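**Q** here are the coordinates; sequence isn't available:
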């Protein structure tokens, strides 16, 4: 039979025993729904955890510093590094990092202590440049106001603690201006010709810079309660966030500039005190870190923590999958039962079909398609129901959290791959369940089947 | 397309069933030749093996031994798939209980063999209509079989059997569920169709008067063997 006729007949058969087939389909749907709901909680929790972690930036970020940092100063962070010759952390290096696999972005750390004037009163704080991508990192979810209007806008987002310092009514700050006072670095023309004696620092050509006080008027566009720029290694938590591009045009003198005076600020190339390399996921940090170290830099990440995190989620996924599959297994038995019953009921029909010239494989395919259609319908229904169930669980959880005065969360998540996988699994499982009934129907002796009353 | 060969040639055909420890010889070393365009009636008491014989000719069952030639091919040695193809293209079957699929309309029932034979969709409505016109059923085509009288249902079944233009029509007690007037009408129709379409008919029946009135020859079976074969006028072969 042609596929269209086969489908036609299968659909008509399904329609005719509508109650039984609907119940079976519903059984599949319930199985798929529990599968989807359970997995979606797993995925949701995982996303929630990794979101919170990426907000801290701890697990997917590698901090890269030049290898010769603090050499001879007995820095506390000494550790065995690769034997590659040290390299200068400049724009070339930055571009190389960007080309590494699984790198989302590479951005310099720009942080500086400075003074902010608001209502003509001075306030001291740490300013940090935020890359545009941080908008989607989750750190700014639930903020008051909005994110920067562009990657280089003269705008500022205040951390809530700092906002409270500025005004008793923090939210009234949005839309107001503040003045950022900072020290701009201006490179001095190179005063000496190449007098360097150290071959290990090829571009250390000497020089220096002067510091000029400057001011920049910034518009406050938002207030954030999280700490998107929590400090690493003594930089301190930044309380005033400005776009990274804006921050880099300031050429503000940074904490670590003092060492540059001694070393390399006279170079024509911009060098960075440190670069943050963000990986697509914590699982890729290890490989990235190794390749960066092999390039001759110092790299640092919270690797061990992300390793145990990965083990936890792998085991968690496994358990979640096992419980989800149990529900599907029960649904499978439903299909087998329905189709075996259908054979008994349709014995005569199968006999007639064979008498009219249906081959064994025609009959087999007919039952097979019926199982597949039930699987597909049940799968679609189940995915939708599972999604709804997940939403209901999230809603219930959030109602509870709200009562405890806690922020709401997205507990469940049905990503497209889960929906697709559930559908494919539902169809495959149904086809497998149809295997036995279909071959039994195909083997039915037409003479016996026609005699059957 | 009549040839020198008979339409159906049975050569020492046996069909044994094993029931528990005993072996039942439903058809026993039976030989029979049916020429093209003949209307043959198979008579016999129940258990005589006439239905088994019909199923063997239909390709629904396989003989334990012997050969069955139908239009030149030995169906005893066909593969299951070729046997299905043979049933689809060479054989048309009607039954005592009509065996229409109750969930389908008349038109859909008649269309079913066309689906199985993978006839082009565009061609099917005309073929269905033609078959239904031949059995003089042109109304209530969207109805389901149970909404029709027995005679009408059997006419739909005949249309279904004819729609693939078979060379052999096999009828298993076609009048068994019908009153005598309707039964006669059905057999009249069969004779008519045979001369219009040129096909061989083998009919199993236990109603001797009807067989004598409509069939060209009567074959009488008992205990799986052919007891006699005669023309209605009493000429024994």
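**A** Happy to help now that I have it. Model, not experiment: these values are computed from the prediction.
**Q** ranges for the strands of the chain?
**A** All of this refers to chain A. Ranges of strands in chain A, per DSSP state E, are A:61-66, A:103-108, A:111-118, A:121-130, A:144-145, A:155-159, A:177-187, A:209-224, A:240-243, A:275-279, A:297-300.
**Q** ah, I was thinking of chain B
**A** Under DSSP E, chain B gives strands at B:8-19, B:22-34, B:39-44, B:65-70, B:73-74, B:91-95, B:168-172, B:200-204, B:217-222, B:225-230.
**Q** can I get the ones you listed in a markdown table with mean neighbour count and mean pLDDT?
**A** Bear in mind the C-beta positions are built from the backbone N, C-alpha and C, glycine included. Below are those laid out as a markdown table (neighbours: other CB atoms under 10 Å in any protein chain shown; pLDDT from 0 to 100):
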| stretch | mean neighbour count | mean pLDDT |
| --- | --- | --- |
| strand B:8-19 | 17 | 91 |
| strand B:22-34 | 17 | 90 |
| strand B:39-44 | 24 | 94 |
| strand B:65-70 | 18 | 94 |
| strand B:73-74 | 12 | 91 |
| strand B:91-95 | 26 | 94 |
| strand B:168-172 | 24 | 95 |
| strand B:200-204 | 25 | 95 |
| strand B:217-222 | 20 | 93 |
| strand B:225-230 | 16 | 90 |
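**Q** that older thread, so which of the strands of chain A comes closest to chain B?
**A** Counting by CB to the nearest CB, chain B lies closest to strand A:103-108 out of the strands of chain A; the figure is 53.9 Å.
**Q** nearest to residue B:114, out of the strands of chain A?
**A** Smallest distance to residue B:114 across these (CB to CB): 60.4 Å, for strand A:103-108.
**Q** chain center to the closest one: distance?
**A** 15 Å (CA atoms, centre = their mean, to the nearest Å).
**Q** with stretch B:178-197 instead?
**A** Worked out by CA atoms, centre = their mean, stretch B:178-197 lies 13 Å from the chain centre.
**Q** same question for that stretch, mean pLDDT?
**A** Regarding stretch B:178-197, the rounded mean pLDDT is 92.
**Q** measure the closest residue to residue A:338 other than its chain neighbours to chain B for me?
**A** Excluding the flanking residues, the one nearest residue A:338 by CB to CB, 6 or more residues apart in numbering or on different chains is residue A:24, at 4.1 Å. Per CB to the nearest CB, to the nearest Å, residue A:24 is found 18 Å from chain B.
**Q** pull the contacting residues for residue A:24.
**A** A:334-335, A:337-338, A:374, A:378 (CB atoms under 8 Å, 6 or more residues apart in numbering or on different chains).
**Q** farthest pair within the residues you listed?
**A** Using CB to CB, these reach their maximum pairwise distance at A:337 and A:378, which is 14.0 Å.
**Q** picking up where we left off before, TSV for the strands of chain A, including mean pLDDT?
**A** Converted to TSV, those look like this (pLDDT from 0 to 100):
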stretch	mean pLDDT
strand A:61-66	81
strand A:103-108	83
strand A:111-118	83
strand A:121-130	84
strand A:144-145	84
strand A:155-159	88
strand A:177-187	80
strand A:209-224	83
strand A:240-243	86
strand A:275-279	83
strand A:297-300	82
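**Q** in chain B, which residue sits nearest chain A?
**A** residue B:88 (2.5 Å).
**Q** for residue B:166, see how far away the residue lying closest to that residue once chain neighbours are set aside is.
**A** Nearest residue to residue B:88, sequence neighbours excluded (CB to CB, 6+ apart): residue A:357, at 2.5 Å. Per CB to CB, to the nearest Å, residue A:357 is found 10 Å from residue B:166.
**Q** repeat that for residue B:175.
**A** For residue B:175 relative to residue B:166 (CB to CB), the value is 20 Å.
**Q** neighbour-wise, which of those two wins?
**A** Remark: of residue B:175 and residue B:166, residue B:175 carries more neighbours, 26 against 21, as counted by other CB atoms under 10 Å in any protein chain shown.
**Q** wait, the more buried one touches residue B:209, no?
**A** No. The pair residue B:175 / residue B:209 is not scored as a contact, 10.8 Å apart, by CB atoms under 8 Å.
**Q** still on that earlier bit, count the neighbours of the residue of chain B closest to chain A for me.
**A** 23.
**Q** columns distance to chain A on top of the strands of chain B, output as a markdown table?
**A** Compiled in a markdown table, the strands of chain B are given as follows (distance: least, CB to the nearest CB, whole Å):
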| stretch | distance to chain A |
| --- | --- |
| strand B:8-19 | 10 |
| strand B:22-34 | 10 |
| strand B:39-44 | 16 |
| strand B:65-70 | 14 |
| strand B:73-74 | 15 |
| strand B:91-95 | 5 |
| strand B:168-172 | 9 |
| strand B:200-204 | 13 |
| strand B:217-222 | 17 |
| strand B:225-230 | 20 |
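**Q** residue A:158 is in contact with residue A:145, correct?
**A** No. Between residue A:145 and residue A:158 there is no contact under CB under 8 Å: 9.1 Å.
**Q** still on that earlier bit, quick check: neighbours shared by residue A:357 and residue B:166?
**A** The contact lists of residue A:357 and residue B:166 share B:89, B:91, where a contact means CB under 8 Å, 6+ apart.
**Q** which residues of the stretch 351-453 of chain A lie near chain B?
**A** Residues of the stretch 351-453 of chain A found near chain B (CB under 8 Å from any CB of the partner chain) are A:351-362, A:446-447, A:450.
**Q** same thing but 7 Å
**A** A:352, A:354-360, A:362, A:446-447, A:450 (CB under 7 Å from any CB of the partner chain).
**Q** and the two most separated of the residues you listed?
**A** A:362 and A:447 (17.6 Å).
**Q** of those two, who's got more company?
**A** Using other CB under 10 Å, the more surrounded residue of residue A:362 and residue A:447 is residue A:362, with 22 against 18.
**Q** measure the more buried one to residue A:242 for me?
**A** 72 Å.
**Q** over to residue B:18?
**A** 93 Å.
**Q** around chain A, which positions in chain B sit nearby?
**A** So chain B meets chain A at B:55, B:58, B:60-61, B:80-81, B:84, B:87-88, B:93, B:99, B:101, B:103, B:112-113, B:115-118 (CB under 7 Å from any CB).
**Q** just for the stretch 301-450 of chain A, where's the confidence low?
**A** In the predicted model, the stretch 301-450 of chain A carries pLDDT under 70 at residues A:302-307.
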